[in-house]
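predicted model and sequence follow; I will ask about them next.
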Amino acid sequence: MPSGPDGFVADPAYRTEFERARGLVLGHPGRWRVIYHYDADGIASASSILRAFSRLGYAVQATALSGVERERMAELLRATASPVLVADTGASWLDLYGGHPHPVVVLDHHQYPGVPTPPALPSHVALVNPLDWGVDGMSEMCAATLSWLFTIFLDPRNWDNAAWGLSGGIGDRQHVGGFRGLNRLLVDEAVRRSLVVRRAGLPLFGASVGAAVSTSIDPFVRGLSGHPSETAAFLASVGVEADRSPASLSPEESARLASALRDRLVATRVPPEALELIDQERWFLPALGLDAEEVSNRQSAAGRARSPGLGIAFALGDRAAAERLRRAEEGWRGGILKGLLRLEEEGVNSMSFLQWFESPDTTLAGTQAGMAILYLLDPNRPVFVLSHGERGPSKVSARATRGLVERGLDLAAACREAARSVGGEGGGHRIASGATIPAGAAPAFLEAADRVIGGQIAPVAGVP
């Protein structure tokens, strides 16, 4: 196993992009602005970058973006009299950066127009995107693992950004079924360096097994999640005391509980990737004393609380931020659970090739959609969730299953084309994407997306 990043990918574009970006960062010491997406992947990306810049002695101003916001990016560039690094967003706006009088580095794993051949960029602009060197940005490298890898190119000491690489990857759902591709190489090396410990265990977090199951959102188990009394009866039926701590369960008890939970999920006909979460390995972070999924959840909570800087402060060692995040995670989990229970009771709106619902909370909408498509809704049609502000544009998040992607679905293309048709903008991945559209444009956007998706998905016998 290589001990450095140089040999991870054979494609020469890999080293070329990283070295160009590294040259710009190391060649311009001083103050930088870091612009990042406010979700767990973006917060984790910014966490690694700020930790690395701190080691370089650089001052940093960190700014979060809450959606696909071209005008906001242009505004930030105009307002910044220093170099800029953009993480987990920005690849769709490559035409903007040449006009900035200072260096711009973009670390993004999302699709951009013309992918995988980026446009010619001026010498003071660097794009690092795994899609350019044959690595799937949807399943083999997220922004957080990309940023972690970039910081290792800056200084090998930054291998200790493993916690933020893994937590961001989990936030971006790239851990389902186990990390793959370049993500896997990075995790393997982190394990070899004792920065990460692989171990078995269930994805349950809480003071007791009863609390962990009844508040679980991933997996969301119908009839148990959000139902404490039913959970207590279920646990009694499998011989597990509800007031035990999850860590106290023996391997035999954990296996028995896992089997019972799996049977409940199978009975509700969830897609295969939902079942994989029950049995797959876990990743423990010794430096933090936490499971990587716990860290990911806390960073997601920071975004939900509209305080993404809390997640970065946590990564920088702020103990007060760590405690605030722990409390925020409880509210984040409760908000998602409330939304899922509402969907369980009320259902969603259906069109020919997609399903959709509205969420009053923009910061939870994407996570609610991701959980809903796995555990509650028809897995044969992608789900779109719309959040309407009191003024200004509407936000759209779209999620799908691996089976739909295998049938030809590309949500990034669908969101981009449908948003463009109503004067908005969209993009992302084939399995998860989003858009920002003008107020009042939702019906036309959904109709356009439905048409595009209908032309993408190959029919399967027996599947409507």
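That came in fine, so what should we check first? Residues are numbered from 1 along each chain as shown.

so which elements touch the helix-or-strand element of the chain with minimal mean pLDDT?
The helix or strand of the chain with the poorest confidence is helix 272-279; it has a mean of 88 (mean pLDDT, DSSP states H and E). Where contact means 3 or more Cβ pairs under 8 Å, 6 or more residues apart in numbering; DSSP states H and E, helix 272-279 is packed against helix 251-267, helix 362-375, helix 402-406. (Each C-beta comes from the backbone N, C-alpha and C, glycine too.)

chain center to the second one, what's the gap?
Translated: helix 362-375. A distance of 11 Å separates the centroid of the chain from that of helix 362-375, by Cα atoms, centre = their mean, to the nearest Å.

also the last one?
Relative to the mean C-alpha coordinate of its chain, helix 402-406 is positioned 18 Å out (Cα atoms, centre = their mean).

for it, give the mean pLDDT please.
Taken as a whole, helix 402-406 carries a mean pLDDT of 94.

next helix or strand past it?
Counting by DSSP states H and E, the next helix or strand C-terminal to helix 402-406 is helix 411-421.

who does that following helix touch, helix- and strand-wise?
Applying 3+ Cβ pairs under 8 Å, 6+ apart, we find helix 411-421 packed against strand 394-399, strand 425-428, strand 432-437, helix 442-456.

repeat that for 10 Å
Secondary-structure packing of helix 411-421 (3 or more Cβ pairs under 10 Å, 6 or more residues apart in numbering; DSSP states H and E): strand 383-388, strand 394-399, strand 425-428, strand 432-437, helix 442-456.

angle of it against helix 442-456?
For helix 411-421 against helix 442-456, the angle between stretch directions is 140 degrees (axes from the mean of the first three to the mean of the last three Cα atoms, to 10 degrees).

off-centre distance for the least confident helix or strand of the chain?
18 Å.

now do it: everything it contacts.
By Cβ atoms under 10 Å, 6 or more residues apart in numbering, the residues outside helix 272-279 that reach it are 173, 175-178, 200, 202-203, 218-220, 255, 257-259, 261-262, 265-266, 268, 270, 293, 371, 373-375, 379, 401-403, 431.

residues near residue 75, how many?
When neighbours are defined as other Cβ atoms under 10 Å, residue 75 has 11 of them.

quick check, pLDDT for it.
With respect to pLDDT, residue 75 scores 96.

ok, now which ones touch it?
The contact partners of residue 75, taken as Cβ under 10 Å, 6+ apart, are residue 69.

quick revisit: any quick ChimeraX command for the buried ones out of the contacts of helix 272-279?
For the buried members of these, the matching ChimeraX selection, counting by 16 or more other Cβ atoms under 10 Å, is:
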select :173,175,176,202,203,218,219,220,257,258,261,262,265,270,293,371,373,374,375,379,401,402,431
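
need the helices and strands packed on helix 411-421 in TSV with mean pLDDT and mean neighbour count, can you?
Below are the helices and strands packed on helix 411-421 laid out as TSV (pLDDT from 0 to 100; neighbours: other Cβ atoms under 10 Å):
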stretch	mean pLDDT	mean neighbour count
strand 383-388	94	24
strand 394-399	94	27
strand 425-428	90	24
strand 432-437	93	26
helix 442-456	97	18
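
how about these, which one is nearest residue 92?
Closest approach to residue 92 among those is made by strand 425-428 (5.0 Å; Cβ to Cβ).

follow-up on the earlier one: now the least confident helix or strand of the chain against helix 251-267, angle please.
Orientation note: helix 272-279 sits at an angle of 170 degrees relative to helix 251-267 (the same axes, to 10 degrees).

show me what the helix or strand following helix 272-279 is packed against.
Downstream of helix 272-279, the next assigned helix or strand under DSSP H and E is strand 282-285. With contacts taken as 3+ Cβ pairs under 10 Å, 6+ apart, strand 282-285 sits against helix 162-171, helix 181-192, strand 197-199, strand 290-291, helix 292-304.

with distance to residue 214 added, can I get the helices and strands packed on helix 272-279 in JSON lines?
Formatted as JSON lines, the helices and strands packed on helix 272-279 follow (distance: least, Cβ to Cβ, whole Å):
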{"stretch": "helix 251-267", "distance to residue 214": "12"}
{"stretch": "helix 362-375", "distance to residue 214": "15"}
{"stretch": "helix 402-406", "distance to residue 214": "28"}
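
my read: residue 286 touches residue 191, true?
No: between residue 286 and residue 191 there is no contact under Cβ atoms under 10 Å: 11.0 Å.

what is in contact with the two at once?
By Cβ under 10 Å, 6+ apart, residue 286 and residue 191 have these common neighbours: residue 197.

please identify which of the helices and strands packed on strand 282-285 is closest to residue 447.
Across the helices and strands packed on strand 282-285, residue 447 has its closest neighbour in helix 292-304 (30.2 Å, Cβ to Cβ).
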